[in-house]
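J.: Mind folding the following:
(one chain, ligands or ions: 1)
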Amino acid sequence: MKPALYAFISLLLVYQAPAQHSLILGFTPEHSARQIALEAEFKRIPTPEEEKRQHRIFTQEPHVAGSKRNNELANYIADEWKKQGLEDVTIHRYDVYGTNPKSVSLEMIAPTHYEGLLKETPIPGDEDSNNRAISGAWLGMSISGEVTAPVIYAHSGNPEDYDLLRKNGIDVKGKIVLVRYSNPYSYRGFKALTAQREGAAAMLVYSDPQEDGYKKGKVVPDGPWGPEYHIQRGAITYDFMVPGDPQTPGWASVPGAKRIPIEQAVSAPKIMALPLSWHDAKPLLENMDGPAAPKDWQGGLPFEYHLGGERVKAHLKIEMENGLQPYYVVAGRIRGSEIPDEWVILGNHRDAWVFGGVDPSSGTASMMEMTRALGEFKKQGMRPRRTIIVCSWDGEEVGLTGSTEWGEQFADDLRQKAIAYINVDEATSGPNFHGQAVASLAPMLEETTRSLQDPSGKSLYDAWKETAEREKSGRQSTQFSASGVVGESLADTRIGSGSDHTVFLNFIGMPVLGLGFEGDYGVYHSAYDDFFWMNHFGDPGYKYHTLMSQLWGVTALRLANADLLPFDFATYASNIRQFVRELASHNRSVILGEAKAPASAETTTGPSGRPRDALAPDRSSTLDLSLEMRAIDDFESAGKQLNESLARKLSAGNLDPQLTARLNHGMMQVERNWLNRDGIPGRPWFKHILYGARYTYAHLELPALTEAVEKQDWPLARQQAEILEHAIKTNTQLLNDLNSSLNH
Ligand SMILES: [Zn+2]
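T.: So this is what the prediction gives:
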């Protein structure tokens with residue numbers, strides 16, 4: 001760069017610096033300055049050494065939900081939090097339905113004999129992989145049983161895969177289906193439900209090297225990908241129907257609670273299921289006859305895959321122990337100094353399939369350093385203005401269980417008092433930041449990342465932007481997208497299920513955020529997801545753990561200390577508009593009704609010059625969302641006006657406490673207004689009308705409306721569109737009321 005140009009740009013930077021850095025969304029200038037100083041102090045507290053020490057404690061032993069070790073860790077967290085200075089530290093007990101493996105065996109009995117190993121072998125150099133407490137292969141919520149039957153290869157185990165088998169004359173009724181985990185990704189519980197619906201006797205699910213093994217790169221101990229023997233455990237709970245304890249759908253499993261019989265529980269699977277390493281799947285696959293598998297069904301093993309027929313037969317026996325077991329949620333708080341009855345909730349699950357190096361212990365270690373810093377602040381007399389509540393969930397891996405039960409227990413309080421929930425599950429499997437937020441908090445999250453430093457030296461915001469651009473240009477490393485839906489935004493505002501935010505968003509109607517650093521990670525839910533893996537591949541210097549503690553705490557402190565809550569409803573509106581447009585672009589019968597705009601010369605003919613009416617399909621088989629689009633426009637205008645009025649009010653400083661309270665309570669109500677009491681048809685527990693998840697866990701925007709459109713149930717679709725329109729109008733009215741109270 002030429003010196004003159006450099007000098008000119010530096011001048012510009014100097015000139016812009018105060019405007020860019022002195023104001024934080026939701027804060028007056030004076031309080032922004034105070035907040036920035038406080039955040040600088042906060043960021044100094046977490047250290048990589050402490051992150052590593054905590055991570056070692058949580059990864060020392062396997063700690064699956066319901067185990068003695070996991071319960072000891074609940075006590076450990078409670079004791080630590082008390083020492084750190086957290087208040088009202090409580091261990092909440094829930095008695096929930098759970099399963100544990102008693103004995104499992106799999107043998108191939110034809111065309112040759114092979115006995116499944118069903119366990120993971122030790123890795124040289126990784127002492128933990130010798131631990132005798134490591135479980136064998138099992139899937140949570142599998143039923144017990146025994147079957148001898150032919151084995152059929154059903155690719156990913158999604159409905160379209162069985163259609164293809166049918167076309168090839170293959171019926172899976174009474175047979176064992178062998179499916180692989182990804183390609184494309186779908187939640188294993190959905191694979192189990194699909195196999196159950198198809199009448200299969202059992203489902204085996206294996207990790208193909210193409211998805212997370214040697215076809216991706218070097219495997220453990222030489223690289224981050226899954227080795228020959230790694231087994232992805234997991235639960236198959238149908239928690240896309242209703243999460244939590246299957247026997248208490250919609251209410252908390254406090255000891256003694258009313259329970260429905262397990263046979264009536266829609267989220268309890270009725271099929272045997274078992275996970276396999278590719279080592280154990282290989283003999284089955286390479287001996288199969290039948291038609292050659294289509295090209296995209298071919299995996300990474302060095303032979304041609306076949307669909308299977310009668311040639312390969314296996315004997316599978318699974319004995320599970322079922323019944324009630326206690327799960328423990330630990331909750332602690334720092335009471336707010338000024339507005340203790342407004343809550344910011346933070347949470348991470350504690351239970352792991354084995355050691356949980358990444359999932360969830362990287363998050364747990366980050367949480368413990370974050371709470372240490374919050375405790376330090378409290379000891380120095382620096383309480384947040386609002387209350388910060390921190391929770392260690394249990395049984396997330398089983399069915400989002402602990403968070404669901406706690407959320408159901410305190411739903412009324414949370415609907416009154418909660419500002420937002422910030423989830424951290426897998427804090428760190430690599431350097432690439434992935435931030436999720438309901439659309440109204442996306443700008444706030446992006447702004448927060450500008451004030452943090454990535455280990456690369458860039459701001460976290462810039463590092464995030466680079467990740468997002470890389471992913472946009474084609475490198476899809478995960479099931480998630482790294483970028484926002486509208487314009488230049490970075491935050492991922494499409495929020496599916498699969499972690500503990502679910503009860504807060506979909507049942508309680510709270511804004512949620514999710515934070516994580518991602519990278520190449522092929523040992524998910526296996527014994528090799530451990531301390532060794534983290535120290536060699538995931539985050540060897542614990543710098544990203546440290547950054548997570550900083551980010552999580554700073555985000556919480558901004559929500560807890562803001563004068564006016566930093567919601568951006570104009571951004572919410574533009575996201576909703578995008579969701580509706582996407583629905584229309586995927587379904588020709590959905591029209592956004594430009595034809596119905598106020599009469600003018602342009603609207604009497606369509607783009608081809610023909611009258612609109614001739615273009616429009618029969619109304620009984622279409623859905624016109626023009627009213628909804630107009631309602632979104634009005635909501636956006638109201639949101640923009642509110643943004644401007646709030647910014648004006650903040651920059652003037654000197655806020656009237658009564659007005660502030662009215663504004664904040666009004667803004668807190670917006671997310672609650674997206675709930676429909678009746679929920680998604682067929683899944684009444686899921687009440688949010690903008691956010692939902694498919695059975696695969698994939699995000700599903702406008703869930704009830706979209707599902708009705710996909711079923712071509714037009715009366716239902718129209719009813720759901722009216723519910724959407726009504727909710728948007730309610731929120732527009734709410735924002736307009738807030739606006740007028742500001743301008744009086
Ligand atoms: Zn997890």
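J.: helix, strand or coil for P269?
T.: Secondary structure assignment for P269 (DSSP: H, G, I helix; E, B strand; the rest coil): coil.
J.: how many neighbours does it have?
T.: Each residue near P269 was counted by other CB atoms under 10 Å, and the total is 24. All C-beta spots, glycine's among them, are computed from the backbone N, C-alpha and C.
J.: what's the distance between L625 and I591?
T.: Distance, L625 to I591, using CB to CB, to the nearest Å: 7 Å.
J.: Would you mind listing the buried residues in the longest helix anywhere in the chain?
T.: Once the chain is assigned using DSSP state H, the helix that runs over the most residues is helix 714-742. For helix 714-742, the neighbour count (16 or more other CB atoms under 10 Å) marks 714, 716-718, 720-721, 724-725, 727-729, 731-732, 734-736, 738-739, 742 as buried.
J.: about what we covered before: shared neighbours of L625 and I591, which are they?
T.: Taking CB atoms under 8 Å, 6 or more residues apart in numbering as the contact rule, L625 and I591 both touch A584.
J.: between those two, which one's more packed in?
T.: Legend: neighbour count by other CB under 10 Å for L625 and I591, higher for L625 (26 against 19).
J.: Would you confirm that that one contacts F579?
T.: No. Look at L625 against F579 with CB atoms under 8 Å: they stay out of range, at 10.8 Å.
J.: so L25, which of the three states?
T.: coil.
J.: Flag every residue of the stretch 301-450 of the chain that's near the ion.
T.: Residues of the stretch 301-450 of the chain lying close to the ion by CB under 5 Å from the ion are 359-360, 425.
J.: TSV for these, including neighbour count and pLDDT?
T.: Formatted as TSV, those follow (neighbours: other CB atoms under 10 Å; pLDDT from 0 to 100):
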residue	neighbour count	pLDDT
D359	25	97
P360	29	98
D425	22	98
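J.: Which positions in stretch 135-146 come out as buried?
T.: By neighbour count, with 16+ other CB under 10 Å as the criterion, the buried positions of stretch 135-146 are 135-144.
J.: can I get the CA coordinates of stretch 235-249 in CSV?
T.: Extracted as CSV, the C-alpha positions of stretch 235-249 are listed here (Å, rounded to 0.1, in the frame of the first residue of the first chain):
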residue,chain,number,x,y,z
ALA,A,235,-30.7,-42.2,20.9
ILE,A,236,-33.5,-43.0,18.5
THR,A,237,-36.2,-41.3,20.6
TYR,A,238,-38.9,-39.8,18.4
ASP,A,239,-38.4,-36.4,20.1
PHE,A,240,-39.5,-34.7,16.9
MET,A,241,-43.0,-35.6,18.0
VAL,A,242,-42.5,-34.5,21.6
PRO,A,243,-39.1,-34.2,23.4
GLY,A,244,-38.3,-35.0,27.0
ASP,A,245,-39.6,-38.0,29.0
PRO,A,246,-41.9,-40.0,26.7
GLN,A,247,-44.3,-40.7,29.5
THR,A,248,-44.9,-37.0,30.5
PRO,A,249,-45.5,-35.2,27.2
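J.: Please say whether there is contact between it and the ion.
T.: No. Applying CB under 5 Å from the ion, one finds stretch 235-249 separated from the ion by no less than 11.2 Å.
J.: what is the rounded mean pLDDT of that stretch?
T.: The average pLDDT within stretch 235-249 is 97.
J.: which helices and strands sit right next to the longest helix of the chain?
T.: Contact here means 3 or more CB pairs under 8 Å, 6 or more residues apart in numbering; DSSP states H and E; on that basis helix 714-742 packs against helix 569-586, strand 623-624, helix 626-652, helix 657-672, helix 703-710.
J.: Residue numbers of the chain in contact with the ion?
T.: Residues of the chain found near the ion (CB under 5 Å from the ion) are 359-360, 425.
J.: Repeat the analysis, applying 8 Å as the threshold.
T.: Within the chain, the positions near the ion by CB under 8 Å from the ion are 349, 352, 356, 359-360, 363, 396-397, 425-426, 499.
J.: Now, those residues that are in strands?
T.: Applying DSSP state E to the residues of the chain next to the ion, the entries found in strands are H349.
J.: Point me to the residue of the stretch 551-700 of the chain nearest the ion.
T.: Residue of the stretch 551-700 of the chain nearest the ion, by CB to the ion: Y697 (12.2 Å).
J.: Now that residue: phi and psi?
T.: The phi/psi pair for Y697 (degrees, to the nearest 10) reads phi 90, psi -10.
J.: Name the strands paired with the strand ranked longest in the chain and say parallel or antiparallel.
T.: Secondary structure of the chain per DSSP E: the longest strand is strand 87-110. Applying DSSP bridges, strand 87-110 is found paired with strand 114-115 (antiparallel), strand 313-334 (antiparallel).
J.: Looking at the ones you listed, which one is packed in the most?
T.: Mean neighbours per residue, mean count of other CB atoms under 10 Å, is largest over the strands paired with strand 87-110 for strand 313-334, with a mean of 20.
J.: What's the mean pLDDT across that strand?
T.: Averaged across strand 313-334, the pLDDT comes to 98.
J.: ditto for stretch 552-568
T.: Rounded mean pLDDT across stretch 552-568 is 98.
J.: ok now it, how far from the chain's centre?
T.: The chain centre lies 21 Å from the centre of stretch 552-568; the measure is CA atoms, centre = their mean, to the nearest Å.
J.: Please apply the same query to stretch 707-719.
T.: The answer for stretch 707-719 is 27 Å, by CA atoms, centre = their mean.
J.: ok, now stretch 223-241?
T.: The chain centre lies 16 Å from the centre of stretch 223-241; the measure is CA atoms, centre = their mean.
J.: cool, and stretch 198-217?
T.: 22 Å.
J.: Give the buried residues for it.
T.: Neighbour count says stretch 198-217 has 198, 200-214, 216 buried, by 16+ other CB under 10 Å.
J.: quick one on the thing from earlier: can I get the buried part of the residues of the chain next to the ion as one ChimeraX selection?
T.: Buried residues among these (16+ other CB under 10 Å), as a ChimeraX selection:
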select :349,352,356,359,360,363,396,397,425,426,499
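J.: Return the set of buried residues in stretch 124-133.
T.: 126, 128-129, 131.
J.: what does stretch 536-548 give?
T.: Going by neighbour count (16+ other CB under 10 Å), the buried part of stretch 536-548 is 536-539, 542-548.
J.: now, which of the residues you listed sits nearest A463?
T.: In terms of CB to CB, no member of the buried residues of stretch 536-548 lies closer to A463 than L547, at 9.7 Å.
J.: Surely that closest one is in contact with D454?
T.: Yes. Counting by CB under 8 Å, L547 touches D454, with 6.9 Å between them.
J.: Report the residue spans of the stretch 351-500 of the chain with pLDDT below the cut-off.
T.: Under the criterion pLDDT under 70, the flagged ranges of the stretch 351-500 of the chain are 474-487.
J.: should've said the chain
T.: Filtered on pLDDT under 70, the chain yields the residue ranges 1-21, 474-487, 594-619.
J.: again, only using 80
T.: Confidence mapping of the chain against pLDDT under 80 gives the ranges 1-22, 183-184, 472-488, 593-620, 744.
J.: ok, now which ones touch the residue of the stretch 451-600 of the chain found nearest the ion?
T.: Residue nearest to the ion within the stretch 451-600 of the chain: S499 (6.2 Å; CB to the ion). For S499, the contact set (CB under 8 Å, 6+ apart) comprises 349, 396, 400, 423, 425, 514.
J.: Dihedrals phi and psi, the fourth one?
T.: Recorded main-chain torsions at N423 are phi -100, psi 140, according to degrees, to the nearest 10.
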